[in-house]
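K.L.:
turn this into a structure:
(2 chains)
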Amino acid sequence: MSGQSPTELTMKIHLNGTPTDVADAVTLAELIHALDLGNRRLAIEVNTELVPRSRFDQHRLAPDDRVEIIHAVGGG
Amino acid sequence: MPNEMQTPDTFSIAGRDYHSRLLVGTGKYRDMDETARAIEASGAQIVTVAVRRTNLGQTPGEPNILDVLSPDRYTILPNTAGCYDAESAVRTCRLARELLDGRSLVKLEVLGDEKTLFPDVLATLKAAEELVKDGFQVMVYTNDDPIVARQLEEIGCIAVMPLAAPIGSGLGIRNPLNIRTIVENARVPILVDAGVGTASDAAVAMELGCDGVLMNTAIAAARDPVLMASAMRKAVEAGREAYRAGRMAPKRFASASSPIEGLFF
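P.N.:
This is a model prediction of the structure:
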């Protein structure tokens, strides 16, 4: 992800299906901020389990976590 | 005799009364502006949305559907379109509830195959059971099968929504007798969901006694979606009024409308 110093420890997660390097033990709140999604209406699941918005600050990701960030789109 | 025109004719979903019996989807429109104008013209108060991955790093300023259709103004009905098993449908509903600040109204659809988009009835029943247990208020897409409709009601679904024809086909009400039977058996609202092609189809659904109609493609794929949205609004209202008015008994032969007495030739 952008803005990371090369010396910072990173780990690989699967973010919306794409292998992605993120800061070690990053929280969901930090991840959302880094992705510039801070003001968006979204919901997140980690390893197929929903993580409520109230826990974004505490929830730290681990290597190989599968993270899905979802939103509403037009549909029938 | 009370003036039936002035009697409020609302229907209730999850404890809220709605005067519009037309529910609309928000897919397949050219852009957000056309979506907003068509939905406005339809008069719908309940609109469906889908739940998908956020586009990361792409067009950050792009308006979101919920910016255009505010949850304060519309009842947002998130669907599980694209789910082919109970587990992904349940996951989708949990994400949707979080997305909508705990609102628990969902449209459950568990599909069987891509060619027909017919429901997988066993998986639908399983997902419905789990969702009801988890506190969701489930409006459920299903076949035009009266037995399955009854089972979904017994599980605790708050509305049952049989298809009129395959999703996006525009083939109209293929089995009006089954739809009527489902309506007659039901104690929850019955809405035709999928298959409507044009205004007369929507009117037929309402004349059969359905509580409402849910559609997307019939409006979005019309040459002029905004005009078709307006037509659908009127068709649903007309069909509903005709149902309430009680149609005349059909007869095989003619019956003169002008009196026989007083003929002077």
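K.L.:
the residue of the stretch 101-250 of chain B found nearest chain A: what's it in contact with?
P.N.:
Distances between the stretch 101-250 of chain B and chain A by CB to the nearest CB are smallest at B:Asn216, namely 3.1 Å. For glycine as for every other residue, the C-beta is placed from the backbone atoms N, C-alpha and C. Contacts for B:Asn216 (CB atoms under 8 Å, 6 or more residues apart in numbering or on different chains) come out as A:Gly75, A:Gly76, B:Val24, B:Gly25, B:Thr26, B:Gly27, B:Lys28, B:Thr48, B:Gly168.
K.L.:
which SS state does the last one fall under?
P.N.:
Remark: B:Gly168 carries the secondary structure label coil [criterion: DSSP: H, G, I helix; E, B strand; the rest coil].
K.L.:
shaky segments in chain A?
P.N.:
Chain A contains residues with pLDDT under 70 at A:1-7.
K.L.:
near chain B, which residues of it show up?
P.N.:
Residues of chain A found near chain B (CB under 8 Å from any CB of the partner chain) are A:15-18, A:35-37, A:40-43, A:45, A:48, A:50, A:52-53, A:68-76.
K.L.:
just the ones of these in strands?
P.N.:
Among the residues of chain A next to chain B, the members found in strands (DSSP state E) are A:Leu15, A:Thr18, A:Ala43, A:Glu45, A:Leu50, A:Glu68, A:Ile69, A:Ile70, A:His71, A:Ala72, A:Val73, A:Gly74.
K.L.:
show me which residues of chain B sit near chain A.
P.N.:
Those residues of chain B that sit near chain A, judged by CB under 8 Å from any CB, are B:25-29, B:35, B:48-54, B:56-57, B:60, B:64-66, B:76, B:78-79, B:81, B:91, B:94-96, B:98-99, B:167-168, B:194, B:214-217.
K.L.:
would you mind listing which of these are buried?
P.N.:
Neighbour counting with 16 or more other CB atoms under 10 Å in any protein chain shown marks B:25-29, B:35, B:48-52, B:54, B:64-66, B:76, B:78-79, B:81, B:91, B:94-96, B:98-99, B:167-168, B:194, B:214-217 as buried within these.
K.L.:
hey, which helix or strand in chain B has the poorest pLDDT?
P.N.:
The weakest-scoring helix or strand in chain B, judged by mean pLDDT, DSSP states H and E, is helix B:65-68 (a mean of 91).
K.L.:
measure B:Arg37 to chain A for me?
P.N.:
14 Å (CB to the nearest CB, to the nearest Å).
K.L.:
wait, doesn't that residue sit right on B:Val226?
P.N.:
Yes - judged on CB atoms under 8 Å, B:Arg37 makes contact with B:Val226 at a distance of 5.0 Å.
K.L.:
look at these two and report which has more neighbours.
P.N.:
Remark: of B:Arg37 and B:Val226, B:Val226 carries more neighbours, 17 against 14, as counted by other CB atoms under 10 Å in any protein chain shown.
K.L.:
name the element B:Lys126 belongs to?
P.N.:
Using DSSP states H and E, B:Lys126 falls within helix B:121-133.
K.L.:
ditto for B:Leu227
P.N.:
helix B:225-245.
K.L.:
remind me what that helix packs against, helices and strands.
P.N.:
Here helix B:225-245 touches strand B:22-24, helix B:32-42, helix B:199-207, strand B:212-215, helix B:217-220, going by 3 or more CB pairs under 8 Å, 6 or more residues apart in numbering or on different chains; DSSP states H and E.
K.L.:
residues contacting the shortest one, please?
P.N.:
When contacts are defined by CB under 8 Å, 6+ apart, strand B:22-24 is touched by residues B:38-39, B:42-44, B:46-48, B:77, B:191, B:202, B:212-216, B:219, B:229, B:232-233, B:236.
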